[in-house]
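**Q** Make a model of this:
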Amino acid sequence: MSAPRSMPWPLVALFTAGYLAPYLLPTTVGRLDGGLPLTATQAGAIGSALLLSSATAGFLLASRVDRLGPRTLARTGLALAFLGYGGAALTGCVPAVVAGALAGGFGSGTVTAVAASGIAAQRDPHRVTTLGLLGVSALAGALYLTIPRLGPGHGLPLAALALTALAVWPVTGRLSARTAAVHTSLGRGRLPRPRAGLLLAAAMPCWSLAQNSLWGVSGRIGTAQAHLTEVTVGAVFAVALGAGLAGVVGAGALGPRLGRALPIGAGTALIAGCVALSASARDLPAFAAGEISWNLLYPVVLSYVIGLAASLDPRGRWAVLVGSSASLGTAAGPLAGSVLAGWAGFPATGLLLAAGLLLAAVPMTAVALRTGRRALPVVEVPVETSAVPVRRAYDTASPNSYAATSAR
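**A** This next block holds a predicted model:
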């Protein structure tokens, strides 16, 4: 009989802190544009640099979390996030803001790598990820309601990121100091399923870029094209993130019943329609419909995508690498969205991005179909060859674990 399992709340907290920066991207970029002597394209470039720094941390640390130790890496990442974002919030000097954003972004990526690696190794990673997505969506929604009412300036969203990192610091005491020995029996060889993993990792930047290009300029669409106030736009984003909470809960309840190919393929097609609708909005109903529907579907599809990556490697390396690949697209999003919007306008930008989403969905769905056909023989192997994860969980191994981590 299995012993009861406790929820790894430190990983949930780290997930929330690591992924908050992409969730706050529209207000961060909008505040940089309005509070500093920057053009919209320059503000978008800073947002892209922040997220690129975060992705770089993920790529560098994907295979090193165990060796360096989760506790040490998490504390290093949180310290960088607090000092970087906090310093950028307190200064109006553009070079200092850029430097702080880069340091904070690297810290966020470090924290995200620790969280993704730890969640992929859990007995029930999908359940842990669902709570992480709920946490970051709820926190971001609350901030979208609060920040517009606290006054102008670029520092408020950056300060929120810094204070979140500080608040999460105490939970790092419950992380292990070093876990390299735990995975000795798993070996240090090549990544399993390299073709499927590489194809998924190659498609994710395009998938993420298409969505985050529009996400980075959504605030401007609401204020400039739909003629809404910042408070109204913030309220729409808060409701949209609330819809995302419902989507996360629905994905957790649905689980593997539909497989992965259908949620990824059909879900991405629906997201493409939402992107086109949001980009063409010229009033509150259209803008709200596009943003809310989009944010309802986004975490659902993303949970299945990253769950697919996690199923390729029980150590979580593909989960971290695919998540970091998605962050590359996220990083390029603010700049690409600003450039496209300035060149073609918002409606045409939405159509171009929707087409890109449909193209990216093809290889992602193909990987899901191929992996689904080979699922059982793949996941039975680690159960027989390594008893260490079983001892860590004090439970029996599951042949049907699904994981999901997010990057907005």
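**Q** Is there a neighbour count for the closest residue in space to Arg174 that isn't next to it in sequence? I'd like the number.
**A** Excluding the flanking residues, the one nearest Arg174 by Cβ to Cβ, 6 or more residues apart in numbering is Pro10, at 4.8 Å. Any C-beta I mention is one placed from the backbone N, CA and C, and that applies to glycine too. Applying other Cβ atoms under 10 Å, we find 21 residues neighbouring Pro10.
**Q** Pro363 too?
**A** Counted by other Cβ under 10 Å, the residues lying close to Pro363 total 17.
**Q** How much space separates the residue nearest to Arg174 from Arg260?
**A** Distance, Pro10 to Arg260, using Cβ to Cβ, to the nearest Å: 28 Å.
**Q** swap in Val231?
**A** Val231 is 39 Å from Arg260, by Cβ to Cβ.
**Q** what about the two, which has more around it?
**A** For Val231 versus Arg260, neighbours defined as other Cβ under 10 Å are more numerous around Arg260 (24 against 12).
**Q** list the contacts for that one?
**A** Neighbouring residues of Arg260 by Cβ atoms under 8 Å, 6 or more residues apart in numbering: Tyr304, Gly307, Leu308, Ala368, Thr371, Gly372.
**Q** Would you list the phi and psi of it?
**A** Here is the backbone geometry of Arg260 (degrees, to the nearest 10): phi -110, psi -30.
**Q** Excluding covalently adjacent residues, which one is nearest to it?
**A** According to Cβ to Cβ, 6+ apart, the nearest residue to Arg260 is Ala368 (4.1 Å).
**Q** Report how many residues lie close to the one you found.
**A** Residues lying near Ala368 (other Cβ under 10 Å) number 24.
**Q** Need phi/psi at it.
**A** Backbone torsions of Ala368, given as degrees, to the nearest 10, read phi -60, psi -40.
**Q** From Val168, how far out is it?
**A** Ala368 is 33 Å from Val168, by Cβ to Cβ.
**Q** try Ala261
**A** In this view, Ala261 and Val168 are 35 Å apart by Cβ to Cβ.
**Q** Then Trp9?
**A** Distance of Trp9 to Val168, computed by Cβ to Cβ: 11 Å.
**Q** ok, and the closest non-adjacent residue to Ser208?
**A** With Cβ to Cβ, 6+ apart as the criterion, Ser208 has its nearest non-adjacent residue at 3.1 Å, and that residue is Gly329.
**Q** what pLDDT, on average, does the helix or strand that contains Gly109 get?
**A** If you go by DSSP states H and E, Gly109 is part of helix 94-120. Here helix 94-120 scores 90 as its mean pLDDT.
**Q** any idea how far stretch 135-148 is from the chain center?
**A** Here stretch 135-148 is found 16 Å from its chain centre; the criterion is Cα atoms, centre = their mean, to the nearest Å.
**Q** repeat for stretch 88-108
**A** 20 Å.
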